[in-house]
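Undergrad: Quick one: sequence and predicted model below, then my questions.
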Amino acid sequence: MTRFPFYRKNDALPASHHSVDLFSVGKEDPLFNEKIKGLRAMVEQKADLQQMRLLGITSSIAGEGKTTICGQLGRSLASTGRKKVLLVDVDVRKADLTHRMGARRTPGLTEFLLGGATLQQIVHATQVPNLFLITSGTEVNSPADLLSGDKFKAFLREIRGSHDMILLDTPPLLPVADTPTIRDQTDGFLLVYRVGSTPYTMLRQAMEELGEKNVLGAVLNGVEVASDSYYQKYYGAYYHRDVKAVIDSAKTREAVRS
């Protein structure tokens, strides 16, 4: 296992929209942190009762906040000291988790799947105790093919045995076709939804794509400050178990606006 050289002060990344510190989001907001802890408690309970270890974090479309939720949830799980947590950047097209963690893409997931690196070489320690990261690796022409192969399935089986909780930052469901294969290999999904931005039809389609039994619930992001338990700065982690109710609410909201 290696440590990322990017944690050295003399090796800072150039400023860009990708290099925003993933863990700075909501840092000074107690309500956001409270909601992340609540989400963590739900995941821990599911993990203990249902032996859930491999969890996908996804969304209908890009820009809904799935990478932020994945990173924040991973840090919260690791911070208790009870679990060894692994984050995996499976969105190899955009690699947002990799960039937001300040990491270099290589060696990462695609190197392992193509036979250019061992698992030990791609599991990196982070600055957070008990939190580890597998980066996306080099961008490839057909990630869907790579993520549907036997090597990827074997990879998921192998990491199950090395960490207490694995969070996969997966591609959005609708623009690309990578997630259906991932769906069949995980213990469940959290579906991140940006309220008031993503059309309810896309949310419904995403739910159908995953299958109701595979969805643990929705994580609502970008809700109104006036609503109870919602985060005022557009980021949020309000967990709702009944995704169908969230879809119905979104449909009603759009009807009222129109």
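TA: That came through, no problem.
Undergrad: Low-confidence bits of the stretch 151-258 of the chain, can you list those?
TA: Counting by pLDDT under 70, the stretch 151-258 of the chain has low-confidence residues at 176-180, 223-236, 258.
Undergrad: That one: strands as residue ranges?
TA: 165-169, 188-194, 215-221, 238-240 (DSSP state E, counting those that start in this stretch).
Undergrad: Can you tell me the strand partners of the second one and which way each runs?
TA: Based on DSSP bridges, the pairing partners of strand 188-194 within the sheet are strand 54-59 (parallel), strand 215-221 (parallel).
Undergrad: Of all those, which one is nearest Ala206?
TA: Closest approach to Ala206 among the strands paired with strand 188-194 is made by strand 54-59 (7.3 Å; Cβ to Cβ). Where you see a C-beta, it was placed from the backbone N, CA and C, and this is true even at glycine.
Undergrad: continuing past that closest one, what's the next helix or strand?
TA: Counting by DSSP states H and E, the element after strand 54-59 in chain order, helix or strand, is helix 66-79.
Undergrad: Next, the buried residues of that following helix.
TA: 66-79 (16 or more other Cβ atoms under 10 Å).
Undergrad: circling back to that earlier point, for Leu131, which of the strands of the stretch 151-258 of the chain is the nearest?
TA: strand 165-169 (9.9 Å).
Undergrad: quick revisit: Leu156: which of the strands paired with strand 188-194 is closest?
TA: Nearest to Leu156 among the strands paired with strand 188-194 is strand 54-59; the distance by Cβ to Cβ comes to 6.5 Å.
Undergrad: quick one on the thing from earlier: just the closest of the buried residues of helix 66-79 to His99, please.
TA: Nearest to His99 among the buried residues of helix 66-79, with distances taken as Cβ to Cβ, is Thr67, at 9.0 Å.
Undergrad: rewinding a little: deepest of the strands paired with strand 188-194, which one?
TA: Of the strands paired with strand 188-194, the one with the most neighbours on average (mean count of other Cβ atoms under 10 Å) is strand 54-59, at a mean of 25.
Undergrad: All the helices of the stretch 1-150 of the chain, in order from the start?
TA: Assigned by DSSP state H, counting those that start in this stretch, the helices in the stretch 1-150 of the chain fall at 30-50, 66-79, 96-100, 109-113, 119-122, 143-146, 150-160.
Undergrad: Let me have the ones you listed in a markdown table, adding distance to Leu220 as columns.
TA: Converted to a markdown table, the helices of the stretch 1-150 of the chain look like this (distance: least, Cβ to Cβ, whole Å):
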| stretch | distance to Leu220 |
| --- | --- |
| helix 30-50 | 9 |
| helix 66-79 | 10 |
| helix 96-100 | 20 |
| helix 109-113 | 29 |
| helix 119-122 | 33 |
| helix 143-146 | 28 |
| helix 150-160 | 28 |
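Undergrad: out of the strands paired with strand 188-194, nearest to Ala144?
TA: The nearest among the strands paired with strand 188-194, by Cβ to Cβ, is strand 54-59 at 14.7 Å.
Undergrad: Just want the angle from the closest one to helix 150-160.
TA: Relative orientation of strand 54-59 and helix 150-160, computed by axes from the mean of the first three to the mean of the last three Cα atoms, to 10 degrees: 120 degrees.
Undergrad: Output the below-cut-off pLDDT ranges for the stretch 1-150 of the chain.
TA: In the stretch 1-150 of the chain (pLDDT under 70), the answer is 1-21, 24-28.
Undergrad: hmm, 90 instead?
TA: Low-confidence segments of the stretch 1-150 of the chain, defined by pLDDT under 90: 1-35, 46-51, 63, 102, 127, 141-145, 148-149.
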